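Trainee: quick one, what's the 3D model for this:
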Amino acid sequence: MNPLAVLVTTAALTVIIALRYLAVAGAAYALLWRRDPARVAGRRLNAGTPTAALIRHELKLSLLSSWIYALPAALALEAWKAGGTRIYLDPDRYGWPWLIASGLIYLLIQDAWYYWLHRAMHHRALFRHLHAGHHRSRRPTPFASFAFDAGEAALNAWLLPALVFVIPIHPAVLVAILMLMTVTAVLNHSGWEVLPRGLVHGPVGRWLISATHHDLHHTRYDKNFGLHFRLWDRLMGTDLMPPGR
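Mentor: From the prediction side, this is the model:
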């Protein structure tokens, strides 16, 4: 693997990741916090308006995280160019059902990894070194969605790139996962619940992370550690959901 190519790809991916984050988080912030609350189609979860200092903190950590996430992704991309991953281009190679199944498998693995890592980072010996930066946002804004301490970012950034060496996946599915992760992370940190109440508190919402669910974690540090699904929280007794909020 050419080190120069890895560096160039890392730089390019850093810019792409940062711009993706700024575009999605910026749009959510403009639509939810810069408009008359009466015009927002959602339920406000937090009192008070986010301060400029908080947003600067979230932006600083998020832009730092961008290059940390870019490096393992660049290594995987360069390895794919050399034929060293399980990424494939022909959607018929494994059949169309595998396109859906592979995406779900990736999400389930990522969700399990994040749940247990997240719980570990809340241990008093690790919290201030790995996770305290994210929790400066007790009333998070959309910009908090990617605001990680360097250690936390490094512990999370390697997982998806590592999976492409093991589990076959089509690039379109991988891009869809990355965009889904970005959008849901932004919405779940937005301070607003934009999903319908019936969905959030209905049968589907009992298993999916929403802004209503995750927002509580920023004030109740011992609850709601999941990333995509409420499965592990419910299994381990760490699930908390305000009824009818």
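
Trainee: got the phi and psi for the residue lying closest to Leu108 once chain neighbours are set aside?
Mentor: Residue nearest to Leu108 in three dimensions, not counting chain neighbours: Phe229, with 7.6 Å by C-beta to C-beta, 6 or more residues apart in numbering. Where C-beta positions appear, they are placed from N, C-alpha and C, glycine not excepted. Main-chain torsions, Phe229, degrees, to the nearest 10: phi -120, psi 160.

Trainee: same question for the one 3 residues further on.
Mentor: Dihedral pair for Trp232: phi -70, psi -40, per degrees, to the nearest 10.

Trainee: burial check on it, number of neighbours?
Mentor: Around Trp232 there are 19 other residues, counting by other C-beta atoms under 10 Å.

Trainee: which stretches in this protein count as strands?
Mentor: Ranges of strands in the chain, per DSSP state E, are 43-44, 192-193.

Trainee: please name the bridge partners of the residue nearest to Leu108.
Mentor: Beta bridges link Phe229 to Leu208 when assigned by DSSP bridges.

Trainee: which of the strands of the chain sits closest to Pro97?
Mentor: Comparison of the strands of the chain against Pro97 by C-beta to C-beta identifies strand 192-193 as nearest, at 33.1 Å.

Trainee: so which elements touch that closest one?
Mentor: Other helices and strands packing on strand 192-193, by 3 or more C-beta pairs under 8 Å, 6 or more residues apart in numbering; DSSP states H and E, are strand 43-44, helix 211-217.

Trainee: one more time with 10 Å, if that's ok
Mentor: With contacts taken as 3 or more C-beta pairs under 10 Å, 6 or more residues apart in numbering; DSSP states H and E, strand 192-193 sits against helix 3-33, strand 43-44, helix 211-217.

Trainee: any idea how far the first one is from the middle of the chain?
Mentor: Mean C-alpha position of helix 3-33 versus that of the full chain (C-alpha atoms, centre = their mean, to the nearest Å) differs by 13 Å.

Trainee: now that helix: buried residues?
Mentor: 6, 9-10, 13-14, 17-18, 21-22, 24-25, 28-29, 31-33 (16 or more other C-beta atoms under 10 Å).

Trainee: sketch out the low-pLDDT regions of this structure for me.
Mentor: For the chain, the stretches with pLDDT under 70 are 244-245.

Trainee: try it again at 90.
Mentor: Along the chain, the model assigns pLDDT under 90 to residues 1-4, 34-42, 45-51, 136-140, 219, 242-245.

Trainee: just to revisit the earlier point, can I get the strands of the chain in CSV with mean neighbour count and distance to Ile105?
Mentor: CSV is the format used below for the strands of the chain (neighbours: other C-beta atoms under 10 Å; distance: least, C-beta to C-beta, whole Å):
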stretch, mean neighbour count, distance to Ile105
strand 43-44, 14, 33
strand 192-193, 22, 29
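
Trainee: want to throw those into TSV with distance to Tyr221?
Mentor: As requested, the strands of the chain are exported to TSV (distance: least, C-beta to C-beta, whole Å):
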stretch	distance to Tyr221
strand 43-44	22
strand 192-193	20
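
Trainee: please verify my assumption that Arg39 contacts Trp33.
Mentor: No: look at Arg39 against Trp33 with C-beta atoms under 10 Å: they stay out of range, at 11.9 Å.

Trainee: Trp98 is nearest to which of the strands of the chain?
Mentor: strand 192-193 (33.9 Å).

Trainee: identify all contacting residues around the closest one.
Mentor: Here strand 192-193 makes contact (C-beta atoms under 10 Å, 6 or more residues apart in numbering) with 28, 31-33, 37, 40-46, 141-142, 187, 199-200, 210-213, 215, 245.

Trainee: now stretch 12-23
Mentor: Residues outside stretch 12-23 that contact it (C-beta under 10 Å, 6+ apart) are 59, 62-74, 77, 142-143, 145-147, 157, 178-179, 182, 185-186.

Trainee: what do you get for stretch 197-216?
Mentor: Outside stretch 197-216, the residues touching it (C-beta under 10 Å, 6+ apart) are 42-43, 45-46, 111, 138-140, 184-196, 217, 223-231, 233-234, 239-245.

Trainee: having no further points to raise, I will conclude here.
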